[in-house]
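In: what shape does this take:
(chains A and B, ligands or ions: 6)
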Amino acid sequence: MENTKIIVGLGSCGIAAGAKKVYDKFLSIQESGNLSFDLQKTSCIGMCYREPLVEVIDSNGSYMYGEIDENKASEIIEEHILKNTPIVDYVVKADTFKTDDNAFIDDQVKITLRNCGYIDPENIDEYEARDGYRAIKKIAGHQVSRLDVIQTIIDSGLRGRGGGGFPTGLKWKFANNNKAQEKYIICNADEGDPGAFMDRSVLEGDPHSVLEGMIIGAYAIEATGGVIYCRAEYPLAIVRLQIAIEQARKKGYLGNNILGIHGFNFDIYIKEGAGAFVCGEETALIASIEGERGMPRKRPPFPAASGLWKQPTNINNVETLANIPWIIINGAAEYAKYGTDRSKGTKVFALVGKIARSGLAEVPMGMSIRDVIFKIGGGIQNNKKFKAVQMGGPSGGCIPEHLLDTIVDYDSVNATGAIMGSGGMVVMDEDTCMINVAKFFLDFTEKESCGKCTFCRIGTKRMLEILTRITEGKGKEGDIEKLEELSYQIKDSSLCGLGQTAPNPVLTTIKYFRHEYEAHIHDKRCPAKVCTSLLTFEIIPDKCTGCTICAVKCPTDAIDGARKEVHFIREEDCIQCGTCFAKCRFDAIKVF
Amino acid sequence: MRITRINTNIGEIDQQKVDLSSIDSLIEKYKNKKGNMIPILQGVQEIYGYIPKDAFLKVSKETQLELSDMYGVATFYAQFRLKPAGKHVVKVCHGTACHVQNAKELTVALQDSLKVSDGETTDDGLFTLESVACLGCCSLAPVLMIGDETYGKLNGDKAIKIVRDIKRQESN
Ligand SMILES: Cc1cc2nc3c(=O)[nH]c(=O)nc-3n(C[C@H](O)[C@H](O)[C@H](O)COP(=O)(O)O)c2cc1C
Ligand code: SF4
Ligand code: SF4
Ligand code: SF4
Ligand code: FES
Ligand code: FES
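Out: Numbers count the residues shown, from 1 in each chain, chains lettered A, B, ... in the order given. Ligands and ions are numbered 1, 2, ... in the order given. I've put the predicted structure just below:
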């Protein structure tokens, strides 16, 4: 009989949740030598809300255990490995029976994430065992022409997953048309949208799929060099990419005359980003690789004509590239089977915020946002009410409840004023103040603006000032209109996508949550009770035990009262910092 | 705007003497490569934890890089530091997911416990407190990172405990 396998998920979030300790536990048991099982590593399967995850594969199939710590690891050894009785209570997913967590999995279609959580990302053999490098071998073996490869990608309908949604095959065609001695293909792994981690998961979980996508792209456009621009905040992704590149070189997938294709010489190196959101924009990214400040420049010339070192350059996102090998193997029609008329295939979303099942979900285009959040994501944490979902990060917008039946495809999401973006879905509940959210994004874009265009540089600052004063209760009549006016001016006069989309979070929140703006400005009230300057704090005498905590913590000594007696807040001295409310353990402080 | 990151009184801060020979091999490696400015600055920072003024001068003397260009790049990117950082840099995530899950509480608690404001270093040189924009572990929000270690599902008290534990280890 084959050995039972124990596979521990070691993506960065798994590790943050404690998976390394669990792995070490199994390792020490294995090394003690009395038991025989195979211990393996994989990356993240997307069920982040259940991390750390441990999969046990025995003769009956696979059992995925969730929220495993060292003690539970010992239990798994005791019960499952020694006595052959799986611990059903800890199982989140199994071959032989269903669990509540099947709701998270069953409607997903895994193309981009086909290998994430199934292979050891540091082992090229495991990638190859799951059709890895078969696509480039197919191209080499059948001598598929460059134009045929490009046509397949065009026919698949694949659109860029980095946010813009430009048809990938067409982009390749343009790059192919521009003949030059040197040409480059760049993988954009800058993943700047704060709150999204699809690319990180792919890079950590299946780096070879990205490399193979790049190799196929390089073949199609005749690129001579490849660069992966990866943000420095992803150390594990960088390590795994390095390992993968080494392995691919050894096996001859990178190098000269790759797989016997005469004259196909191609290699890839990694460039670490240095922390600037705007470097996700393609011309800024190129400037950054060249060692300059990452400032966007005017297009045309587009990178396809003049990019890195002034040579024709093609830039694709991580997720886009990871789809390529699958499409080559399975065919354009198979890919185009999923999705809507103008948005084909699947899309990976990072479900985060106040959602019950936080994680990565890959769904066919055309699924409703409601299904993604409520069916797959399990709705809102702690039985709260849904308020909005932010899609597209700082360039996107907030989609309110009445538009939840919008389907995920580029055009439908755009119609709401949000954008599909790279795939972040930040879910917000009734306790979220939408002005605070808009202010958060403006604060981000204001800081990240490269400073080249006046409207982006100063306009975002002015908008941020207005939003700040609204949240501080100093909003004025006409502020909403001023915000709108500035928004349109910034959109019209900005050079790159950062400025052109920066006002979106404000415009969508004004559009769908205008009443919240009005409550702040006219009634000096924050309906979600987030903007502390607009709140009044009061102690409920019946509940106060006189524990004195609040009085000790109050920064302005605004709270009076003797030990074990009811305390009082002197309103004139209270600066509404919220500390007392956060510290009182008896729910004795009322906010309104 | 990124330009506001420029620090005008660098001369006052950077009085430390560093061993400049540590960067010889780095300069040698990248000297004649195109696009070498960012890798060199990253390398310098790797060695000293920040980019000392004397290192700027040395690099510009021994490569073709202009001092002004280097300073422009070093102030553009969030990664680069122009003054020494603490031994442990505590990066509190203020990305969207962490913001929604009350990352502010972590920063406030740490400011209180370490007695520094955001961006500053403690007097004993052990900790620098920083805000960053997403560490990619959004599903565990709110998150912070120290070194290569990421901690998730935090609140103010847990964040303080992490820092205290490190401090205790350091004093042993
Ligand atoms: C401000 C800004 C930030 C961007 N950030 C990213 C990013 O982090 N990752 C990414 O893949 N694309 C990003 N893009 C889009 C890229 O410019 C480019 O369109 C994309 O990488 C192309 O790849 P695709 O066609 O495969 O989507 C950004 C664009 C702008 C304007
Ligand atoms: S729009 Fe903003 S980020 Fe883009 S180039 Fe102009 S100033 Fe820079
Ligand atoms: S913390 Fe709460 S219970 Fe304690 S004195 Fe203050 S209000 Fe009363
Ligand atoms: S809100 Fe802050 S200032 Fe006001 S009473 Fe409470 S602790 Fe004191
Ligand atoms: S648990 Fe790792 S990305 Fe989700
Ligand atoms: S938003 Fe904090 S880790 Fe992504």
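
In: please report how far the residue of chain B most remote from its centre lies from ligand 4.
Out: Taking Cα atoms, centre = their mean as the measure, the residue most remote from the mean C-alpha position of chain B is B:N32, 27.4 Å away. Distance, B:N32 to ligand 4, using Cβ to the nearest ligand atom, to the nearest Å: 60 Å. The way it works is simple: take the backbone N, C-alpha and C, and place the C-beta from them, glycine included.

In: and for A:A284?
Out: Here the distance between A:A284 and ligand 4 works out to 42 Å (Cβ to the nearest ligand atom).

In: so the residue farthest from the centre of chain B: helix, strand or coil?
Out: Classification of B:N32 by DSSP: H, G, I helix; E, B strand; the rest coil places it in coil.

In: what does A:G226 give?
Out: Three-state assignment for A:G226 (three-state DSSP): strand.

In: thought it was touching A:I185?
Out: Yes - taking Cβ atoms under 8 Å as the definition, A:G226 is a contact partner of A:I185 at 5.0 Å.

In: shared neighbours of the two, anything?
Out: Residues touching both A:G226 and A:I185 by Cβ atoms under 8 Å, 6 or more residues apart in numbering or on different chains: A:M214, A:A218.

In: contacting residues for the residue of chain B found nearest ligand 1?
Out: Nearest residue of chain B to ligand 1: B:C134, at 10.6 Å (Cβ to the nearest ligand atom). By Cβ under 8 Å, 6+ apart, the contact set of B:C134 is A:D193, A:P194, A:G195, A:A196, A:F197, A:E233, B:C93, B:G95, B:T96, B:A97, B:C98.

In: in strands, which of those fall?
Out: B:C93 (DSSP state E).

In: which of the contacts of B:C134 lies closest to ligand 4?
Out: B:C98 (23.3 Å).

In: for the chain, longest helix please?
Out: You didn't pick a chain, so chain A it is. Counting by DSSP state H, the longest helix found in chain A is helix A:504-521.

In: looking at chain B here, not the other one
Out: Longest helix in chain B, counting residues (DSSP H): helix B:156-171.

In: pull out the buried positions in that helix.
Out: For helix B:156-171, burial by neighbour count (16 or more other Cβ atoms under 10 Å in any protein chain shown) applies to B:G156, B:A159, B:I160, B:I162, B:V163, B:I166, B:K167.

In: what is that helix packed up against?
Out: Where contact means 3 or more Cβ pairs under 8 Å, 6 or more residues apart in numbering or on different chains; DSSP states H and E, helix B:156-171 is packed against strand B:88-93, helix B:103-114, strand B:144-146, strand B:149-151.

In: and the stretch 251-400 of chain A, which residues reach chain B?
Out: For the stretch 251-400 of chain A, the residues in contact with chain B (Cβ under 8 Å from any Cβ of the partner chain) are A:272-278, A:288-294, A:309, A:350-354, A:358-359, A:390, A:393.

In: give me that answer again for 7 Å
Out: Within the stretch 251-400 of chain A, the positions adjacent to chain B are A:272, A:274-276, A:288-294, A:350, A:352-354, A:358-359, A:390, A:393 by Cβ under 7 Å from any Cβ of the partner chain.

In: how about the nearest residue to the residue in the stretch 51-200 of chain A that ligand 6 sits nearest to, chain neighbours excluded?
Out: Here the stretch 51-200 of chain A gets closest to ligand 6 at one residue, A:G195, 4.6 Å apart by Cβ to the nearest ligand atom. Leaving aside its chain neighbours, A:G195 sits nearest to B:T96 (3.3 Å; criterion: Cβ to Cβ, 6 or more residues apart in numbering or on different chains).

In: pull the contacting residues for the one you found.
Out: Residues in contact with B:T96 (Cβ atoms under 7 Å, 6 or more residues apart in numbering or on different chains) are A:P194, A:G195, A:Q390, A:G393, A:V426.

In: so which of the residues of the stretch 251-400 of chain A next to chain B sit within strands?
Out: Judged by DSSP E, these include A:E272, A:A350, A:V352, A:G353, A:G359, A:Q390 as members of strands.

In: from what I can see the fifth one touches A:L351, true?
Out: What that stands for is A:G359. Yes - using Cβ atoms under 7 Å, A:G359 is in contact with A:L351, at 5.9 Å.

In: more crowded one of those two?
Out: Shown here are A:G359 and A:L351; by other Cβ atoms under 10 Å in any protein chain shown, A:L351 has more neighbours (29 against 25).

In: pull the contacting residues for that one.
Out: A:R357, A:S358, A:G359, A:A361, A:G377, A:M425, A:V427.

In: the longest helix of chain A and chain B in contact?
Out: No - Helix A:504-521 is not in contact with chain B by Cβ under 7 Å from any Cβ; minimum separation 10.0 Å.
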